[in-house]
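[1] Following is a predicted model, sequence given first.
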Amino acid sequence: MKSKNVTIIDNKDIGQRIREEREKLALTRADLAELIELSDYYVGQLERGERQMSLPVLIKITSCLHVSMDYLVLGKSNNNEYTIHDSTTSVYTNERERNDELYDLLDKCSQHELSLIKKLVQTILPYI
C-alpha cells in the first residue's frame, strides 16, 4: 500500500497570511487590489478564506507582497528567491556600511520627510 503525502490547503490560513503581509507593507485592501488589478471585494474574499485564487493571482500577490509561494500557501519558506523578514530585525542592518550615503541623507530629514519617504517606499516596493 502506497502512502500519499497530502497537503491540505487552508484558504483561511492563506487569507490571514495575505492580510498580515499586506498590513506589514501598510497597504489597504484597495491598494493591493489595484496592484494586482482585481477588485477590493475579491481581495476581501481571499483574505477571509471565502475564495480560492488562480495561479496567476497567486503569483501577482506573492510578487506584490514580497513573499514566497511556499510561505503564502503553506506557511513556510524554502528559502528560495524571496526572503521573509522578521519585523523585529531590520532588513538593512548588516548593509549599513555599504549604504552610508543613503543614511547620511536620511539623517538630514525631518520626521515629516521621513514619513513621506517611508510611504513612498511602501508604495513602490511591490513594483520592484
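    Yep, it's here.
[2] Next secondary structure element downstream of the helix or strand bottoming out on mean pLDDT in the chain?
    One helix or strand of the chain scores below all others by mean pLDDT, DSSP states H and E: helix 100-107, with a mean of 79. As assigned by DSSP states H and E, the chain's next helix or strand after helix 100-107 is helix 111-124.
[3] how about the helices of this structure, start to end?
    For the chain, the helices defined by DSSP state H occupy 11-24, 29-35, 40-48, 55-65, 69-74, 100-107, 111-124.
[4] mean confidence score for the third one?
    Averaged across helix 40-48, the pLDDT comes to 96.
[5] Restrict it to CA atoms and write it as CSV.
    Taking C-alpha atoms only, helix 40-48 is exported to CSV below (Å, rounded to 0.1, in the frame of the first residue of the first chain):
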residue,chain,number,x,y,z
ASP,A,40,-11.0,45.0,-3.4
TYR,A,41,-14.1,42.9,-2.8
TYR,A,42,-12.3,39.9,-4.3
VAL,A,43,-9.2,40.6,-2.2
GLY,A,44,-11.5,40.7,0.8
GLN,A,45,-12.9,37.3,-0.1
LEU,A,46,-9.4,35.9,-0.4
GLU,A,47,-8.4,37.4,3.0
ARG,A,48,-11.5,35.9,4.6
